[in-house]
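K.L.:
Test case, fold it:
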Amino acid sequence: MRASDFRKLALALPEAVENEHMQHPDFRVGKKIFATLDADGRCGVLKLSPQSQQAALRAHPGVFEPCAGAWGARGYTKVVLEHASVALVRLLLEQAWSSVAPAKLRRADRGA
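P.N.:
Down below sits the predicted model:
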């Protein structure tokens, strides 16, 4: 997948917007970041739970790696875009979005 695919998937989520943080694109909902792209567009970062991160690392070695230090310990996960499938990244972007989206918006997205 390409950075443009990642961007399109992130912005397709309810009320997601693109902004910039530390000279690279980020994706937010309700002012909270759920994903970023590095400046060269080769990798993305997803805000996952530590449990989701571990599952992704085990199931897809070479596609995902924890971010360095405390960020990685909290679930922030790097995605090597050239090795990732659109379907897999879509699923994990939805999880990342859900981790920061307001409860009311999450309920509306589920049709509740």
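
K.L.:
I'd like the distance from the longest helix seen in the chain to the chain centre, please.
P.N.:
As assigned by DSSP state H, the longest helix anywhere in the chain is helix 86-100. Between the centre of helix 86-100 and the centre of its host chain there is 6 Å, according to CA atoms, centre = their mean, to the nearest Å.

K.L.:
which stretches of the protein form strands?
P.N.:
Listed in chain order, the strands of the chain (DSSP state E) span 17-21, 24-29, 32-37, 43-47, 64-66, 76-80.

K.L.:
Do me a favour and average the pLDDT over the shortest one.
P.N.:
It refers to strand 64-66. Averaged over strand 64-66, pLDDT sits at 96.

K.L.:
Which residue, other than its chain neighbours, is closest to the residue sitting nearest the centre point of the chain?
P.N.:
With distances taken as CA atoms, centre = their mean, the residue of the chain nearest its centroid is Leu46 (2.9 Å). Spatial nearest neighbour of Leu46, chain neighbours left out: Ala96 (4.3 Å); criterion: CB to CB, 6 or more residues apart in numbering. To be clear about C-beta, it is placed using only N, CA and C from the backbone, and glycine gets the same treatment.

K.L.:
Provide a list of residues in contact with that neighbour.
P.N.:
Phe34, Ala35, Leu46, Lys47, Leu48 (CB atoms under 8 Å, 6 or more residues apart in numbering).

K.L.:
do the same with Glu18
P.N.:
Arg7, Ala10, Leu11, Pro25, Asp26, Phe27, Arg28.

K.L.:
any chance of the residues you listed in JSON lines, with pLDDT and distance to Ser85 too?
P.N.:
Below are those laid out as JSON lines (pLDDT from 0 to 100; distance: CB to CB, whole Å):
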{"residue": "Arg7", "pLDDT": "97", "distance to Ser85": "16"}
{"residue": "Ala10", "pLDDT": "97", "distance to Ser85": "15"}
{"residue": "Leu11", "pLDDT": "97", "distance to Ser85": "19"}
{"residue": "Pro25", "pLDDT": "95", "distance to Ser85": "21"}
{"residue": "Asp26", "pLDDT": "96", "distance to Ser85": "22"}
{"residue": "Phe27", "pLDDT": "97", "distance to Ser85": "19"}
{"residue": "Arg28", "pLDDT": "97", "distance to Ser85": "24"}
